[in-house]
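>>> predicted model follows, preceded by the sequence.
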Amino acid sequence: MAPTTPRTDKQRLADLLLGQPVEEWIAARRPDTSWEKIAAELTQATQGGIEVTDMTVRRWMTDQLDDIATDTASAGAM
């Protein structure tokens with residue numbers, strides 16, 4: 001099922017620059033890496049193409065988790 005939270009232009013650009021969904025890229029670094037460090041690594045990995053704060057990175061992942069929880073709850077109701 002498609003995510004219910006609209007993705008931002010920065011998320012879509014990050015996908016292109018990373019060659020994979022940015023949420024997957026972030027998830028591969030958590031929980032061993034701080035949100036602040038992940039934001040800095042994202043800027044480095046995209047050669048400065050994506051500059052976001054640690055709060056933005058965290059929100060992107062929270063949005064994804066909210067979508068998964070919503071999809072799971074909807075599937076259970078069927």
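Arrived safely. Numbers count the residues shown, from 1 in each chain.

>>> okay, CA-based contacts and neighbour counts for the rest of this
Will do.

>>> give me the three-state assignment for Val52.
Three-state call for Val52 (DSSP: H, G, I helix; E, B strand; the rest coil): coil.

>>> please write out the alpha-carbon positions of stretch 42-58 in CSV.
The C-alpha trace of stretch 42-58 is given here as CSV (Å, rounded to 0.1, in the frame of the first residue of the first chain):
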residue,chain,number,x,y,z
LEU,A,42,23.3,12.5,4.3
THR,A,43,24.7,15.9,3.2
GLN,A,44,28.1,14.2,2.6
ALA,A,45,26.6,11.2,0.8
THR,A,46,24.7,13.5,-1.6
GLN,A,47,27.7,15.8,-2.1
GLY,A,48,25.9,18.7,-0.5
GLY,A,49,22.8,18.2,-2.6
ILE,A,50,20.6,17.5,0.5
GLU,A,51,21.1,19.6,3.6
VAL,A,52,18.5,18.9,6.4
THR,A,53,18.5,19.1,10.2
ASP,A,54,18.5,16.1,12.5
MET,A,55,14.8,16.9,13.2
THR,A,56,13.9,16.6,9.6
VAL,A,57,15.6,13.2,9.3
ARG,A,58,13.8,12.0,12.4
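
>>> residues of that stretch that come out buried?
Neighbour-count burial for stretch 42-58, counted by 16 or more other C-alpha atoms under 10 Å, picks out 42-43, 46, 50-51, 57-58.

>>> spatially, which two of the residues you listed are the most separated?
Thr46 and Arg58 (17.8 Å; C-alpha to C-alpha).
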